[in-house]
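Undergrad: model the following, please.
(chains A and B)
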Protein chains: 2
Amino acid sequence: MTGGIPRTVAEELDAADPLAEFRKRFVISDPELIYLDGNSLGRLPADTPDLLRAVVEEGWGGGLVRSWERWIDWGARLGDRLAEHVLGARPGEVVVSDSTSVNLYKLAGAALGAAPGRGTVLIDAEDFPTNRYVMQGLADQRGLRLRRLPSDLDGGLDLDVLRSALDEDVALVVLSLVSYRSGALVDMARVNELARSVGTRVLWDLSHAAGVVPVDLAADGADLAVGCTYKYLNGGPGSPAFLYVRRALQSRLRQPVWGWFGQREQFRMGPDYDPVPGIERFLVSTPPLLSLAAIEPALALVEEAGVARIRAKGLRLGRLADDLADAWLTPLGFRAASPRPPERRGAHLSLRHPDAWRICRALAADAKVVCDYRVPDRLRIGPSPLYTRFTEVWDALSRIREVAAEGTYVSRPADLARVT
Amino acid sequence: MTGGIPRTVAEELDAADPLAEFRKRFVISDPELIYLDGNSLGRLPADTPDLLRAVVEEGWGGGLVRSWERWIDWGARLGDRLAEHVLGARPGEVVVSDSTSVNLYKLAGAALGAAPGRGTVLIDAEDFPTNRYVMQGLADQRGLRLRRLPSDLDGGLDLDVLRSALDEDVALVVLSLVSYRSGALVDMARVNELARSVGTRVLWDLSHAAGVVPVDLAADGADLAVGCTYKYLNGGPGSPAFLYVRRALQSRLRQPVWGWFGQREQFRMGPDYDPVPGIERFLVSTPPLLSLAAIEPALALVEEAGVARIRAKGLRLGRLADDLADAWLTPLGFRAASPRPPERRGAHLSLRHPDAWRICRALAADAKVVCDYRVPDRLRIGPSPLYTRFTEVWDALSRIREVAAEGTYVSRPADLARVT
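TA: The predicted model follows:
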């Protein structure tokens, strides 16, 4: 054992893990490497290379353009599966297309267009950059006031802050369900209710929640959401994002990018844009099919495991990480930078340390631990319950302790490389 | 022989074809199938499956999130290669990202923002639907007048029509270099010059030209362009599109979708959007990497063959198709629906026939010829010089003649399926 929590505790958790077998369904090229960055890019599912080979060689190579007859509604089919198994939405309310940022732009643009006379957009001042920038752009273009709600870097948005900012002038609220940095989890039902009380809408970013935190868009009264598929959904680098629009709202919203994939009788190619009434009106154009296809086998794993079981394991992984951080890392100058207990956050957690960036680089280079860094001083640790073992969390925290204690990381360059 | 032009003519052209060997660099799963729809989805290059396997298994599976250090500027690197070998642009003027429609929206939005006080947008009334719809949307959102220039379905836009519509009120002109339906080729240098004379800009869609028609954006004075990579560039289904902005214009334009991939010091994640000065300010977010990667081996083939040689063969293929159509199909009720000679168009041509849709379906089902249909009555034939043989054009036209002469196609359903 090392410190207060013996490795056998983690071994026992692994032995009792009902999801343990799922690790074998992923490609683990280097069993020595501890990968705690599934919140950035999820691992490669073992079934994905074969599916992609079939799509490339049989679909593209053999079927050629004729394959589009099967492919053209793939984004809608994946959307229906996400709706049922991951998002708590109904068929025809979710579709996969474009990127999270582009989907955010489309839905925010649509929502603002449906809120004439309201002049304020609310965002979380600490939200993921692209969300802030996209909304800054829309506010600028439409002459709206962008109001940035102050938020706790470690604890997330205080609902009292939101409540006091909500009034009849608010056209739209944009929030992440799980904070990209601290992991803080927002009470979606409560926020939607607060927004409804002043007649406004919330556009949710579910990127750090989808597939790892139970989401029930219907029950929680959500109107609009977007999210990414390459984190806990393991869809692959840059796989297309999803978007959700509550059915009753769909025909009332018109998104700003009037592409031909939203057009009624698309192949009639008529003179005027006339979007379909359903969710496909939020599509723009031909999807990047290879990246789209890779979502399918990945989503099948999440469906098979079930988000409730994934969440249950995520909470146990989080608790172990909290306990180990308290025992080993607090004495070395680290501070918890995420809400506790784990029920108050998504699956990842952050630790503050003045040298977080150099420690992160040293871990990857010298200790075979991949986690990530977020400005200004956060080491972000993202276990992914479908494939992360409890012993990996134990070993990783132990290696972080070693690297921090030895202090050799200080020789690493302090400049920030360009890495997602 | 059959009719006036013996098959030996085509055989001799194949024997003398300097690009003949390139056909072997593509996957030809079914040698019986004649594929004349490379203008919709280009064939699979033989090197692509291995590259994709490496990106998936080594890059994603093995490298995991660390691979983004190599991947993150892939769109810019492909852009530089397209600039040099395909588009006649300079390094740092082209980048690959998003879809053609989204890129059109971004660049048109940027251009309109830089033309205050001008109230009219000009489009070709017969341009590809998504171009018309995107511009209709932007005009609607910005209170501009959308003026649709009447255009000849078979001959393309008359420059006199454009000239008489150009005045100081025009904020932007959007045109396709090669018409998606007739293949009509526009004189880019002349159009840019006309636009400049009234102080306005042209946004070019190069989708049906890139890789098959020599394009020289710098010499022809182009300001803005977008285009697709899955037609003659063979990048695969829905592969990301390119965009071009002349360097001197870049820092003066601000596109409407303010995503974090355009941000200066992206990973500082600062509070305000502050785009880089260069071409990457037109990026939005994480690219769909698998679909992006597939462009690389495909582009290498175009570079190796050279667009000038591709064009030379394209003209010969087009001339053979014209001659065969005159000899065999005109007597059966077909009419040429593309400009002649082939120098006046891109690589594809269209033929009018009242039953074009059913003939197209019958060709695919009974005659192993894949070409495509465009409303209202066009059979579109798209030889792709990198892999289409002269004998394939001969055989295809011969089979079209048989199908049309036998008349059995009339039993096929007349309703339009949803196919790209």
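
Undergrad: please name the residues that touch A:Ser350.
TA: A:Asp154, A:Arg181, A:Ser182, A:Gly183, A:Ala337, A:Ser338, A:Arg374, A:Arg378, A:Leu379, A:Arg380, A:Ile381 (C-beta atoms under 8 Å, 6 or more residues apart in numbering or on different chains). Every C-beta, even on glycine, is put in place using the N, C-alpha and C of the backbone.

Undergrad: so what's A:Asp37 closest to, chain neighbours aside?
TA: B:Val65 (4.7 Å; C-beta to C-beta, 6 or more residues apart in numbering or on different chains).

Undergrad: the one you found and B:Gln250: what is the separation?
TA: Relative to B:Gln250, B:Val65 is positioned 30 Å away (C-beta to C-beta, to the nearest Å).

Undergrad: what's the answer for A:Val307, then?
TA: A:Val307 is 44 Å from B:Gln250, by C-beta to C-beta.

Undergrad: neighbour count winner among these two?
TA: Using other C-beta atoms under 10 Å in any protein chain shown as the criterion, A:Val307 and B:Gln250 rank with A:Val307 on top: 24 against 19.

Undergrad: got a pLDDT number for the closest residue to the more buried one other than its chain neighbours?
TA: If the residues on either side of it in the chain are set aside, A:Val307 comes closest to A:Pro214, at 5.2 Å by C-beta to C-beta, 6+ apart. For A:Pro214, the pLDDT comes out at 98.

Undergrad: determine the number of other residues adjacent to A:Pro214.
TA: Residues near A:Pro214, counting by other C-beta under 10 Å, number 14.

Undergrad: thought it was touching A:Gly306?
TA: No - counting by C-beta atoms under 8 Å, A:Pro214 does not reach A:Gly306; the two are 9.5 Å apart.

Undergrad: joint contacts of the two?
TA: Residues touching both A:Pro214 and A:Gly306 (C-beta under 8 Å, 6+ apart): there are none.

Undergrad: quick one: the strands in the stretch 301-420 of chain A?
TA: Using DSSP state E, counting those that start in this stretch, the strands found in the stretch 301-420 of chain A span residues A:335-336, A:349-352, A:369-370, A:372-374, A:378-381.

Undergrad: same check, this time on the stretch 1-150 of chain A
TA: A:34-35, A:94-97, A:120-124, A:145-149.

Undergrad: which one of those lies closest to chain B?
TA: Comparing those against chain B with C-beta to the nearest C-beta, the closest turns out to be strand A:34-35 (5.8 Å).

Undergrad: the closest one: how far from the chain's middle?
TA: Here strand A:34-35 is found 19 Å from its chain centre; the criterion is C-alpha atoms, centre = their mean, to the nearest Å.

Undergrad: how is A:Ala171 assigned, secondary-structure-wise?
TA: Assigned by DSSP: H, G, I helix; E, B strand; the rest coil, the conformation of A:Ala171 is strand.

Undergrad: chain B next: which of the contacts of A:Ser350 are close?
TA: The residues of the contacts of A:Ser350 that also fall near chain B, by C-beta under 8 Å from any C-beta of the partner chain, are A:Arg374.

Undergrad: still on that earlier bit, out of the strands of the stretch 1-150 of chain A, deepest packed?
TA: strand A:94-97 (a mean of 28; mean count of other C-beta atoms under 10 Å in any protein chain shown).

Undergrad: OK, contacts around the closest residue to chain B within the stretch 51-200 of chain A?
TA: For the stretch 51-200 of chain A and chain B, the shortest gap (C-beta to the nearest C-beta) falls at A:Gly137, measuring 3.3 Å. When contacts are counted by C-beta under 8 Å, 6+ apart, A:Gly137 touches A:Tyr105, B:Pro256, B:Val257, B:Trp258, B:Tyr273.

Undergrad: tell me the pLDDT at the third one?
TA: What the model reports for B:Val257 is a pLDDT of 98.

Undergrad: check the last one too.
TA: On pLDDT, B:Tyr273 comes in at 97.

Undergrad: also the one 10 residues further on?
TA: On pLDDT, B:Leu283 comes in at 98.

Undergrad: not counting its neighbours along the chain, what's nearest it?
TA: Nearest to B:Leu283 is B:Phe261, by C-beta to C-beta, 6+ apart, at 3.8 Å.

Undergrad: likewise A:Ser338?
TA: A:Leu349 (4.1 Å).

Undergrad: neighbours around A:Val161, how many?
TA: Look at A:Val161: counted by other C-beta under 10 Å, it has 16 neighbours.

Undergrad: wait, doesn't it sit right on A:Arg147?
TA: No - the criterion here is C-beta under 8 Å, and A:Val161 misses it with A:Arg147 at 10.8 Å.

Undergrad: the residue nearest to A:Gly63 when sequence neighbours are not counted - how many residues pack around it?
TA: Once flanking residues are discounted, A:Gly63 sits nearest to A:Arg70: 7.9 Å by C-beta to C-beta, 6+ apart. Neighbour count for A:Arg70, taken as other C-beta under 10 Å: 10.

Undergrad: then A:Ala20?
TA: 15.

Undergrad: pLDDT at it, what is it?
TA: pLDDT, A:Ala20: 98.

Undergrad: next, the contact list for it, please.
TA: A:Asp14, A:Arg389.

Undergrad: near chain B, which residues of the stretch 251-400 of chain A?
TA: A:256-261, A:263, A:265-273, A:284-292, A:294, A:364, A:370, A:372, A:374-375.

Undergrad: how close does the residue of chain A most remote from its centre sit to B:Arg148?
TA: In chain A, counting by C-alpha atoms, centre = their mean, A:Pro271 sits farthest out from the average C-alpha position, at 38.3 Å. Separation of A:Pro271 from B:Arg148 (C-beta to C-beta) stands at 8 Å.

Undergrad: overlap of the contact sets of these two?
TA: Joint contacts of A:Pro271 and B:Arg148 (C-beta under 8 Å, 6+ apart) are B:Ala125, B:Arg132.

Undergrad: poorly predicted segments of chain A, please.
TA: For chain A, the stretches with pLDDT under 70 are A:1-3, A:416-420.

Undergrad: could you rerun that using 90?
TA: For chain A, the stretches flagged by pLDDT under 90 are A:1-4, A:407-408, A:410-420.

Undergrad: surely A:Arg254 is in contact with A:Ala111?
TA: No - using C-beta under 8 Å, A:Arg254 makes no contact with A:Ala111, being 10.4 Å away.

Undergrad: tell me which of the two has more neighbours.
TA: A count of neighbours by other C-beta under 10 Å puts A:Ala111 above the other of A:Arg254 and A:Ala111, at 25 against 18.

Undergrad: list the contacts of the closest residue to the more buried one other than its chain neighbours.
TA: Leaving aside its chain neighbours, A:Ala111 sits nearest to A:Leu172 (4.9 Å; criterion: C-beta to C-beta, 6+ apart). The contact partners of A:Leu172, taken as C-beta under 8 Å, 6+ apart, are A:Ala108, A:Ala111, A:Leu112, A:Ala115, A:Val121, A:Leu122, A:Thr200, A:Arg201, A:Val202, A:Leu203.
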